[in-house]
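got a structure for you, letters missing:
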């Protein structure tokens, strides 16, 4: 595996560490600064809205300037967002704090493309393993993120200000790593030549299945995960309990990445996605029972595993749907679809958890978790219809 893929994995680890920190502290900051409890997850929603806003520009910028410059720009935007959020915390201003998380989200939007850069840096036969190795950087984040959240939130007199100073340090370290990372120029990764209309690309059954699987896997996971700190706080658990739960969740999200690529290459993306959907549904079923702290642990582990086995195989499946000249537009369309859904789920997490409770929210997610199964059945029928019929 090229060294570039390893460096991208470390950059992914720093990115996800920051995301974990934000997941753990942003809803709690929202409770303190927001005008009402229904707005508690609004800072998470604005972060993901920023991510969604960046998806199309990030792909197009990288097609023009190259991956390396694009990733460095994203980290600089993240540092700018940290500065705005830190000022808002000191001033106890809710709207400026959401602006800061929006800017951080824009920076994260560039970082979501690390997995595609890994595909370009690795030989074709190692495609799925390269995706898995980069996403496996989240294993380091599973320890670094919660540790940073616990140790930094009381470092200053202003609650959680230290968390954002630590977040800025993570983005600065990523800039240093990127300075030593060699990535192919845009001319090599985003080739020229004839390109089909975007609508034709998006209508392909394989694209629809890949996008829907990623969309459902990420959306279901994000809604349940974002609501978890609020549900646990309402149930009387401490911040340390919340951080530990998120840590187990993130381990479940990223630890399987080291084998997911090999399993996908052996059994195929459709089977892996189907298993992922069943694991997501398992989280919804478990949430219907009063099982205490360990119930939250188990539910969030199932949620993380389900995300891994839907999102990673869907990424590999997506790379089969475009030509080099179509890469930027197709990746941008996929990221926009996925992360617009993720933004909506973050915005809905607060009101749904407040209105329905933890069990009710997960009951809503149960049927949604199984949607890709229908799409996979349709893809199988469509593929069978395209095979030539052999007559005896």
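Alright, I've got the coordinates. None of these values were measured; they are calculated from a predicted model. Residues are numbered from 1 along each chain as shown.

pLDDT weak spots in the stretch 51-200 of the chain?
153, 186-193 (pLDDT under 70).

how about the helices in it?
Secondary structure of the stretch 51-200 of the chain (DSSP state H, counting those that start in this stretch): helices at 67-91, 94-111, 114-121, 127-135, 138-152, 161-179, 186-189, 198-202.

dump these to TSV, plus mean neighbour count and distance to residue 337.
All C-beta atoms are positioned from the backbone trio N, CA, C, and that covers glycine. Shown next, in TSV, are the helices of the stretch 51-200 of the chain (neighbours: other CB atoms under 10 Å; distance: least, CB to CB, whole Å):
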stretch	mean neighbour count	distance to residue 337
helix 67-91	21	20
helix 94-111	24	13
helix 114-121	24	15
helix 127-135	25	19
helix 138-152	22	22
helix 161-179	20	26
helix 186-189	15	22
helix 198-202	13	9
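
for residue 260, which of those is the nearest?
Comparing the helices of the stretch 51-200 of the chain by their distance to residue 260 (CB to CB), the top pick is helix 127-135, with 5.1 Å.

the closest one packs against which elements?
helix 3-33, helix 114-121, helix 257-267, helix 292-318 (3 or more CB pairs under 8 Å, 6 or more residues apart in numbering; DSSP states H and E).

using a markdown table, lay out the helices of the stretch 51-200 of the chain together with distance to residue 276.
Converted to a markdown table, those look like this (distance: least, CB to CB, whole Å):
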| stretch | distance to residue 276 |
| --- | --- |
| helix 67-91 | 27 |
| helix 94-111 | 22 |
| helix 114-121 | 16 |
| helix 127-135 | 14 |
| helix 138-152 | 16 |
| helix 161-179 | 28 |
| helix 186-189 | 28 |
| helix 198-202 | 22 |
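
quick one: closest of those to residue 21.
Residue 21 lies closest, by CB to CB, to one member of the helices of the stretch 51-200 of the chain: helix 138-152, at 4.8 Å.

relative to helix 161-179, how tilted is the closest one?
150 degrees (axes from the mean of the first three to the mean of the last three CA atoms, to 10 degrees).

and residue 178, how far from residue 339?
Residue 178 is 22 Å from residue 339, where distance means CB to CB, to the nearest Å.

should've said residue 253
16 Å.

where along the stretch 251-392 of the chain do the strands fall?
Applying DSSP state E, counting those that start in this stretch to the stretch 251-392 of the chain gives no strands.

where does the prediction get shaky in it?
383-392.

which residue ranges of it form helices?
Ranges of helices within the stretch 251-392 of the chain are 257-267, 269-286, 292-318, 327-369, 371-386, based on DSSP H, counting those that start in this stretch.

tell me the buried residues in the shortest one?
What that stands for is helix 257-267. For helix 257-267, a neighbour-count test (16 or more other CB atoms under 10 Å) marks 257, 260-261, 263-265 as buried.

check the second one too.
Going by neighbour count (16+ other CB under 10 Å), the buried part of helix 269-286 is 269-270, 272-277, 279-284, 286.

wouldn't residue 286 be in contact with residue 298 here?
Yes - in this structure, residue 286 is within contact of residue 298 by CB atoms under 8 Å, at 5.9 Å.

could you check how far residue 233 is from residue 129?
Residue 233 sits 39 Å away from residue 129 when distances are taken as CB to CB.

and residue 124, how many neighbours does it have?
8 (other CB atoms under 10 Å).

can you pull up the most central residue in this structure?
residue 218 (6.4 Å; CA atoms, centre = their mean).

excluding covalently adjacent residues, which one is nearest to residue 255?
Among residues not flanking residue 255 along the chain, residue 139 sits closest, at 5.2 Å (CB to CB, 6 or more residues apart in numbering).

sorry, wrong one. I was asking about residue 172.
Spatially, and ignoring its direct neighbours in sequence, residue 172 is nearest to residue 79 (6.8 Å; CB to CB, 6+ apart).
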